[in-house]
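>>> Provided below are the primary sequence and the corresponding predicted coordinates.
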Amino acid sequence: WQRERPTKPGENGLWKQTFTHNYPFRVFRAEAEGHAPALSERVAKDAGDVELTLKLKKAAPMAGTVVDAGGDPVAGATVYLAVGQSMPQIHNGKAQHGRDCDSRRTDAQGRFSFPPQTGKFLLIVPDKRGYAEVDQREFGEAKGKVRLTPWATVTGRLLVGNTPGANEEINVGLRNSHDPNKPRPYHILNGTTDADGKFRVEHVPPGEITVGRYVRLSEDTRGTALSRNLVAEPGQTLTITLGGTGRPVIGRFAWPAGAKEQPFDRGHYSLSTKVDREALEEFQKRLLHKDFTSWNMERKKAWLETEEGKSAVSRYEAASQKTYGTRRHYGFAIQRDGSFRIDNVEPGAYGLNLTVLGPPVSRNYSYGEQIARLSADVTVPSLPKGVAYLDEAVDMGTLTVTLVKPAPKVGELAPDFTVPLLDLAAGDAEAA
């Protein structure tokens with residue numbers, strides 16, 4: 001909801017709004033103290049003059065109390081109400097852009113009140129005394145009590161190679177799962193290293209986090225290198241070292257002879273630990289019912305809702321998290337001549353992947369179509385016993401990308417393709 005663009009109030013409940021942005025449609029929401037909100041129907045941008053009537057029904061306010069970890073009321077805390085896709089941006093514990101969210105400050109007894117709500121919502125409290133996120137179910141179960149959890153803190157030292165990384169940005173990202181149908185805040189958590197590579201990032205929400213060096217990958221993009229996955233407990237101060245181990249991986253990307261050359265850094269590229277996907281898929285097959293693949297969609301959904309199905313999903317998700325949760329990713333920059341250097345790569349088997357995109361096709365797009373790609377295996381040998389870091393690089397040499405044939409444009413003849421035929425007599429009618 002765009003609360004910074006309110007309607008123009010008139011008299012006797014009348015209001016007026018003129019479209020000024022090129023959205024395909026708009027929906028209006030009316031709120032008032034002591035009344036449940038009312039929503040309008042969709043109004044298309046080319047609908048012309050439209051008259052709407054929104055009827056509000058009386059309802060009890062949504063009242064609650066904010067308390068600290070010990071249960072004492074918290075006065076002067078700001079409570080944000082996120083509905084739909086609205087969310088505040090929280091930078092190092094302080095809300096920066098909460099204009100799309102309604103907000104209230106707690107009184108001396110920690111109390112707050114919002115107009116009644118009818119759908120999903122999220123209450124967010126970023127305060128120096130702690131942090132809370134409470135959805136509509138949790139709010140009801142706690143009978144309106146919102147308990148703050150103490151922030152965590154991440155401290156440590158950055159070593160690029162085995163040299164202190166001075167004046168570098170450190171980024172902390174949250175790895176909690178996200179429900180796209182549920183509002184959530186956007187956290188920006190960062191700090192800057194001092195001359196000795198030391199850093200400190202405060203106001204970290206407890207939970208699964210990723211800590212890494214934030215680097216410029218290209219002229220337009222930035223990413224995380226030397227990252228580590230951690231779990232931050234409430235009130236805990238984590239102390240870690242980023243870098244200082246492993247060895248560098250170097251190389252140079254090149255275009256095939258006769259190809260039009262352009263910057264390689266327009267696109268996507270990464271070095272990541274290889275995972276055994278085949279073993280994970282085989283484990284999934286063993287968990288599923290022996291006839292699962294032959295069932296139609298309705299029967300599959302029904303089985304997944306059984307205790308056996310739920311157990312299979314739970315065990316597969318745990319195995320998947322164990323496989324991918326410990327995966328290492330390294331971001332790196334590509335120079336104009338195609339050369340690259342990836343610092344502090346731990347011993348192991350990796351996949352180096354590069355996708356090169358063409359220039360933007362219009363102002364509405366940041367990139368164009370895929371024009372080249374490359375995948376290569378990288379093996380970083382074990383280090384000598386007792387050695388944490390070795391400056392001797394793993395040299396990949398010159399890596400020539402493979403050109404991708406442009407996709408046909410609208411109106412052009414499609415390339416040859418095959419279509420599988422359904423044998424209805426053999427039972428494929430159900431699949432059809």
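Looks like it arrived, so ask away. Residues are numbered from 1 along each chain as shown.
>>> okay, CA-based contacts and neighbour counts for the rest of this
Fine.
>>> pull the number of nearby residues for Leu271.
For Leu271, the neighbour count with other Cα atoms under 10 Å is 22.
>>> can you pull the pLDDT of it?
The model reports Leu271 with a pLDDT of 93.
>>> quick check, it in contact with Ala349.
No - between Leu271 and Ala349 there is no contact under Cα atoms under 8 Å: 10.1 Å.
>>> could you pull out the buried residues of stretch 237-246?
Within stretch 237-246, the residues that count as buried by 16 or more other Cα atoms under 10 Å are 237-238, 241-246.
>>> quick check, nearest of the residues you listed to Glu202?
Closest approach to Glu202 among those (Cα to Cα): Thr237, at 8.9 Å.
>>> return the residues in contact with that closest one.
By Cα atoms under 8 Å, 6 or more residues apart in numbering, Thr237 lies in contact with 152-155.
>>> who wins on neighbours among those?
Highest count within these by other Cα under 10 Å belongs to Ala152, 22 neighbours.
>>> contacts only, for that one.
202-206, 232-238.
>>> lowest average confidence, helix or strand, in the protein?
One helix or strand of the chain scores below all others by mean pLDDT, DSSP states H and E: strand 8-9, with a mean of 62.
>>> for the next helix or strand after it, name the packing helices and strands.
Later in the chain than strand 8-9, the nearest helix or strand by DSSP states H and E is strand 15-16. Strand 15-16 sits against strand 8-9, with contacts defined as 3 or more Cα pairs under 8 Å, 6 or more residues apart in numbering; DSSP states H and E.
>>> now the helices: where do they sit in the stretch 101-250 of the chain?
For the stretch 101-250 of the chain, applying DSSP state H, counting those that start in this stretch gives helices covering 136-141.
>>> and Gly348, what are its bridge partners?
Beta bridges link Gly348 to Val380 when assigned by DSSP bridges.
>>> and it, how many neighbours does it have?
If you count neighbours by other Cα under 10 Å, Gly348 ends up with 14.
>>> please tell me how far it sits from Ala376.
Computed with Cα to Cα, to the nearest Å, the distance linking Gly348 and Ala376 is 14 Å.
>>> got a markdown table for the buried residues of stretch 237-246, with distance to Pro420 too?
A markdown table is the format used below for the buried residues of stretch 237-246 (distance: Cα to Cα, whole Å):
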| residue | distance to Pro420 |
| --- | --- |
| Thr237 | 58 |
| Leu238 | 56 |
| Thr241 | 54 |
| Leu242 | 52 |
| Gly243 | 51 |
| Gly244 | 54 |
| Thr245 | 52 |
| Gly246 | 49 |
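>>> ok, and the closest non-adjacent residue to Phe25?
Distances taken as Cα to Cα, 6 or more residues apart in numbering place Ala44 nearest to Phe25, at 4.1 Å, with adjacent residues excluded.
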